[in-house]
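Asker: Sequence plus predicted model, see below.
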Amino acid sequence: MPPFAGSNTSSNGVHRHDSNSNSNIVTIDVGGQIFQTTKQTLSLAGSKSFFSKISNSDSMIPFIDRDPELFSILLSLLRTGNLPSKAKSFNIQDLIFESQFYGIENLLVNSQSNPSQFDAFNLEKSSLLPLNGRDSPTSISTTPYGSLHIAHGSKVTSFDWSLQRKSTILTQFTAIDSLFALSPTIAAAGATDFSGLQILDLEKGFVKETLNWENVTKSGSTVQAISASPDHLFTSFESSRRNSNCIMVYDLNDNLRPVTKIGHYEIYGADLDSAIPSTKLQWVSSHNLLMSSGSHSGPSGVLGNIKFWDIRSGNVVCELKEKVDCFADVTASNVLGGMFKVGVNTGEIFFADLRNMDSDSNSWICLGDGRKVANGKKEGFGCKIESHGNQVFCSKGGNLELWSEVAMNRAERDESDLSERIFRKNLMGRAKDMGGNRITNFHFGGSKMFITRKDQQCVEVWSSVCGF
Amino acid sequence: MDDPTGGERIKLNVGGKLFETTVSTLRSGGPDSLLSALSNRPAHDPVFIDRDPGIFSTLLSLLRSNRLPSTAKRFSNQELIDEAIYFGIESQLRSALAPTRLNGIDASVFTTVKPSSDGVVSDFNAIESDGSLWVAHGGQITVYDWNLSHTETVRTHLDFITSVRRIHSEIAAVGSLNGSGLHLYNTANGRRVHSAEWVDPSDVRIYKARVHAIADSDDSIFASYNCHHGENCILMLDKSTMRVSSEIGRITGNSSKNMVPTKLKYVPDMGILIGSSVTSGSFGCAGYIRLWDPRTRNVVWETNEPGSGRSSRFGDSFADTDVDVDELSLFKICSKSGDLAMADLRKLSDDPWVYLKEKNPSMSNLGGNGGGNFAVHCYRKQVFVGREGELEVWSRIEGNDENEGVYMYRRNCVDKLEDSERGVIKKIEGGGDRLFVTRENAEGIEVWQSSHNSGVVSVL
């Protein structure tokens, strides 16, 4: 942020009144009040904004017929990149609308809902977003700057990044099991009982496109999981007859053109492993790999597999078969360079380093009580695990655990010695926020975390609370 | 909106505070407004207006951005309206204050309109154009304007009004099951303007007929009359002369097939009048739907239940019906199964009904229990159904293949469980972008609205 106009400024930020700097100072009359700023400040709004027109106009003092008080807030935002404290007495909706008029909403979003402001240790339950009707949320999705989409029943309700505005649309699904936000107004949706992946326009409420996998049996293809990398959209399909499955890759930059198909399995005979479709997809950007995982609960216990795919070649780079204490949920962390799972039997958290993976399950290191015997109980059933930033979040019943690595300052640390890495957990929230109904989904967006619980028609918002 | 940098600039001094804006902004209130009159003054000094500057700055923001700023919350709606009327920009304020498009899948109770006496509402009429409300409670008619603020109350000579309908901007037609005739009241001065009794010089038994339902078209009023011995008909009155212009569908009323119509609706696009009647007893429901052409006074189509229709639906006669006058379709709710069925008014046959399928597994445990109380209302391409205390909506799914003629409808609850415990839903009617609901033995009228406001609740 350069608050100084050009090089000919004194060190205390006051402009010298010579002819050269005068040309840099812009005087604007907004609704009868005179404001002075510099061309540099106005140029921060971007070339497409309203201000670039102003600073280029030759008229004496440009007049803008808008509210001067709101303008003074937005001018401070332009100057510093932050909202001044006096903005608290204004309604955020007014500021959003005014910033849209001037074409600088992105600056406002950056200052108010920036993912860099996310601080897991400083999260507390701050507000509830009620949902109309009687359906509980089935899946939620967020954009990086905190827009939120919630599927409940056959409806999708979208909240803008400020969580002040909402809109609801009706879909053809009876319930949406996978929802993935592609932008604040577009989401991909699929269900395990409905054929096809639908790209929904959440503003106008229509299906922009339906993507389908033409399987061999010519039956419908249900959607098991959706994820995306910066360039591709991944969808795990299973045929309606449940005898084949695959992961389709679509190009996000080219009208969702199908790029390739990976992991196509047709099921013959009793090969159980190939019958398990991927129910979770995650793009591991640090390794340029797609992680897919799926599990099957049978009489002999829960079996699962985790595969890492190279999208370009369509090959499995490494595969983990889970037989003992299979994952209830698994996630990969780019920052921590590892994979975390919650064991379905023990309910404990396990860690595996992505650098030395081999195909036997011994690469898992238990972060909790490792002596727990898998005695047929399913303590981890229904637990969800997600990584965000440099931390890992795991839901257990109504509680949320936060796992973080303790940085140990040891210069001679042996990189290959995994046992040297120390992870510690915290239970999130104040005493009054703990417990409650089982957590069904949690997601991160902007500086906030969103939680949905069983049988509750609302979304909990956990946000980092700023000081005074 | 014009380019806000351009245009002729004008200075205003409102109550001592200086404002500067452009002529085009002031003129956006319309040519007749005070503000555009001021904008024509060739004054160089600021024009002085002796009004409150706080409200003015809110209204100026409205003119500049077509949106009410949050500062409007400092003032009551009535204050804003009065001030907007003063400056002549009421229409701008109206559109800014109006609720967002009624979306049944995303609506909640906004407020409850309660008359100050005789709070249990017996009938009401919501006006589609602006969402104002004409309410009958006890022997009174109360009018609430587009902002739902009380406009006037008229005491009628009737003890208990059971049907009310707005006929003109200031004329209400009322009928009662306890007193004979149709009566027209001027709500502005509270006077009875006209009365219409059903008389037949050739039949002395026709006297003291009571009005059960009222409908109107652009030039006529339709009212269904019923005598003590069950004989009934629909009288058509000319709105300009207030004379009875014809008698439609006179029947004896000795069985459920020829009871008096308790619901009347006029379909302007087809020029037909639709009447229906349902009686329910221990054996179930029985009733009819009948379509008349008021010009020829002939029955165009009719269906009786039980009796006509699909044999598989024999014991499942309808409990309530409604007409979607925009989409020209007829809806009925079945009394036993609780299913909703629709029929195309342009393609009526012996069994025109298409039963809408329930596809939402989580809804299958709701409703469907026989012998319940049902209310159906079509509004803005949605069908609202009251089942006992529960309010649900059937909405069309966008992007459907419309060529098939039958849309895919999806059923959703509008209310929450706690809403349904307030009592059995008696009447549902839409007006403006609001949905009004009355419940049995509950005071007032619930107002349901959709909103883009997220309603976020802080729990810190």
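Answerer: Cool, got the structure. Numbers count the residues shown, from 1 in each chain, chains lettered A, B, ... in the order given.
Asker: and the residue nearest to B:D130 when sequence neighbours are not counted, how far is that from B:I89?
Answerer: Once flanking residues are discounted, B:D130 sits nearest to B:W146: 4.2 Å by C-beta to C-beta, 6 or more residues apart in numbering or on different chains. To be clear about C-beta, it is placed using only N, CA and C from the backbone, and glycine gets the same treatment. Distance of B:W146 to B:I89, computed by C-beta to C-beta, to the nearest Å: 15 Å.
Asker: Between those two, point out the one with more neighbours.
Answerer: For B:W146 versus B:I89, neighbours defined as other C-beta atoms under 10 Å in any protein chain shown are more numerous around B:I89 (24 against 19).
Asker: Wait, that one touches B:T58, no?
Answerer: No. Using C-beta atoms under 8 Å, B:I89 is not in contact with B:T58; the gap is 11.4 Å.
Asker: and the helix-or-strand element of chain B with minimal mean pLDDT, anywhere near chain A?
Answerer: Within chain B, confidence by mean pLDDT, DSSP states H and E is lowest for helix B:34-39 among all helices and strands, at a mean of 82. No. Helix B:34-39 stays out of contact with chain A when judged by C-beta under 8 Å from any C-beta of the partner chain, the minimum separation being 12.5 Å.
Asker: Run through who's touching that helix.
Answerer: Here helix B:34-39 makes contact (C-beta atoms under 8 Å, 6 or more residues apart in numbering or on different chains) with B:10, B:12, B:23, B:26-27, B:29-30, B:47, B:49, B:63, B:86-89.
Asker: buried ones in that helix?
Answerer: Of the residues in helix B:34-39, B:L34, B:L35, B:S36, B:L38, B:S39 count as buried by neighbour count, 16 or more other C-beta atoms under 10 Å in any protein chain shown.
Asker: Would you mind writing the CA trace of stretch A:294-310 as CSV?
Answerer: Only the C-alpha atoms of stretch A:294-310 are listed here, as CSV (Å, rounded to 0.1, in the frame of the first residue of the first chain):
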residue,chain,number,x,y,z
GLY,A,294,-13.4,-45.5,0.0
SER,A,295,-14.3,-48.1,2.5
HIS,A,296,-16.7,-51.0,2.8
SER,A,297,-18.3,-52.3,6.0
GLY,A,298,-18.8,-56.1,5.9
PRO,A,299,-19.2,-59.0,8.3
SER,A,300,-15.4,-59.3,8.6
GLY,A,301,-15.0,-55.7,9.6
VAL,A,302,-14.4,-52.5,7.7
LEU,A,303,-12.1,-52.7,4.6
GLY,A,304,-10.9,-49.6,2.8
ASN,A,305,-8.3,-48.3,0.4
ILE,A,306,-6.6,-45.0,-0.2
LYS,A,307,-5.1,-44.3,-3.6
PHE,A,308,-3.0,-41.5,-4.9
TRP,A,309,-3.5,-40.8,-8.6
ASP,A,310,-1.3,-39.0,-11.1
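Asker: Can you name the residues that contact residue 332?
Answerer: Let's take chain A. A:A332 touches A:Q282, A:V284, A:M291, A:G338, A:M339, A:F340, A:L354, A:S387, counting by C-beta under 8 Å, 6+ apart.
Asker: hmm, I had chain B in mind actually
Answerer: By C-beta under 8 Å, 6+ apart, the contact set of B:K332 is B:I289, B:F318, B:D320, B:T321, B:L340, B:A341, B:M342, B:A343, B:W353, B:V376.
Asker: Can you check which helix is longest in the chain?
Answerer: Just so you know, I chose chain A. helix A:68-80 (DSSP state H).
Asker: hm, I was asking about chain B
Answerer: helix B:53-65.
Asker: Domains of the chain: list them as residue ranges, please.
Answerer: In the absence of a named chain, this looks at chain A. For chain A, automatic domain parsing gives the domain ranges A:19-112, A:122-133+A:208-464.
Asker: try again with chain B
Answerer: If you go by automatic domain parsing, chain B breaks into B:9-97, B:104-450.
Asker: Run the chain-centre distance for the shortest one.
Answerer: Distance of domain B:9-97 from the chain centroid (C-alpha atoms, centre = their mean, to the nearest Å) equals 32 Å.
Asker: mind checking the end-to-end distance for that domain?
Answerer: 28 Å (C-alpha to C-alpha, to the nearest Å).
Asker: Same question for the last one.
Answerer: End-to-end distance for domain B:104-450, by C-alpha to C-alpha: 7 Å.
Asker: Could you list the low-pLDDT ranges of the chain?
Answerer: This is for chain A. A:1-22, A:55-59, A:270, A:358-362, A:372-376, A:409-420, A:466-468 (pLDDT under 70).
Asker: switch to chain B, that's the one I care about
Answerer: B:1-7, B:42-43, B:309-312, B:359-371, B:398-407.
Asker: what residue lies at the spatial centre of it?
Answerer: Central residue of chain B (C-alpha atoms, centre = their mean): B:A126, 3.2 Å from the mean position.
Asker: quick revisit: filter the contacts of B:K332 down to just the ones in strands.
Answerer: In strands, judged by DSSP state E, the following of these are found: B:I289, B:F318, B:D320, B:T321, B:L340, B:A341, B:M342, B:A343, B:V376.
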